[in-house]
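[1] what's the 3D shape of this:
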Amino acid sequence: MIERVRGLPQQTQLAIVNREINGLVRYRDDSAAFGALDYWASPLEALRSFGDCEDYAILKYITLAELGFSDRQMRIMIVKDTR
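    Take a look at the predicted model:
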């Protein structure tokens, strides 16, 4: 995917990376997938098995960095819903 989108406009790259990673990683809560309350899977683990929200974010961050997005263009936000 990285080589296929390289050179496209950045907005297009963002849309494709988001859509394709959402389709590649099978969502599963950490407790069900890894037997832990919180487990940060490596990008390869997430692609091979399961992932949750932070695993999607990390994989997208690394992919966009590989495409040349700068640190100033990206952020990983961590939010905890207390409800």
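[2] okay, CA-based contacts and neighbour counts for the rest of this
    Noted.
[3] so which elements touch the helix or strand bottoming out on mean pLDDT in the chain?
    Scoring the helices and strands of the chain by mean pLDDT, DSSP states H and E places helix 30-34 at the bottom, with a mean of 88. On a contact count with 3 or more C-alpha pairs under 8 Å, 6 or more residues apart in numbering; DSSP states H and E, helix 30-34 meets strand 50-51.
[4] quick one: distance of the strand it packs on to the chain centre.
    Relative to its chain's centre, strand 50-51 lies at 10 Å (C-alpha atoms, centre = their mean, to the nearest Å).
[5] the next helix or strand after it packs against which elements?
    Using DSSP states H and E, the helix or strand that follows strand 50-51 in sequence is helix 53-66. Packed against helix 53-66 by the contact rule (3+ C-alpha pairs under 8 Å, 6+ apart) you find helix 10-24, helix 43-48.
[6] can you dump the C-alpha atoms of helix 53-66 in PDB for me?
    C-alpha atoms of helix 53-66 as PDB (Å, rounded to 0.1, in the frame of the first residue of the first chain):
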ATOM      1  CA  CYS A  53      -7.700   1.800  19.000                       C
ATOM      2  CA  GLU A  54      -4.000   2.500  20.000                       C
ATOM      3  CA  ASP A  55      -2.800  -0.300  17.700                       C
ATOM      4  CA  TYR A  56      -4.600   1.300  14.700                       C
ATOM      5  CA  ALA A  57      -3.200   4.700  15.600                       C
ATOM      6  CA  ILE A  58       0.400   3.500  15.900                       C
ATOM      7  CA  LEU A  59       0.200   1.600  12.600                       C
ATOM      8  CA  LYS A  60      -1.200   4.600  10.900                       C
ATOM      9  CA  TYR A  61       1.400   6.900  12.400                       C
ATOM     10  CA  ILE A  62       4.300   4.600  11.300                       C
ATOM     11  CA  THR A  63       2.800   4.300   7.800                       C
ATOM     12  CA  LEU A  64       2.400   8.000   7.400                       C
ATOM     13  CA  ALA A  65       5.900   8.600   8.600                       C
ATOM     14  CA  GLU A  66       7.200   6.100   6.000                       C
END
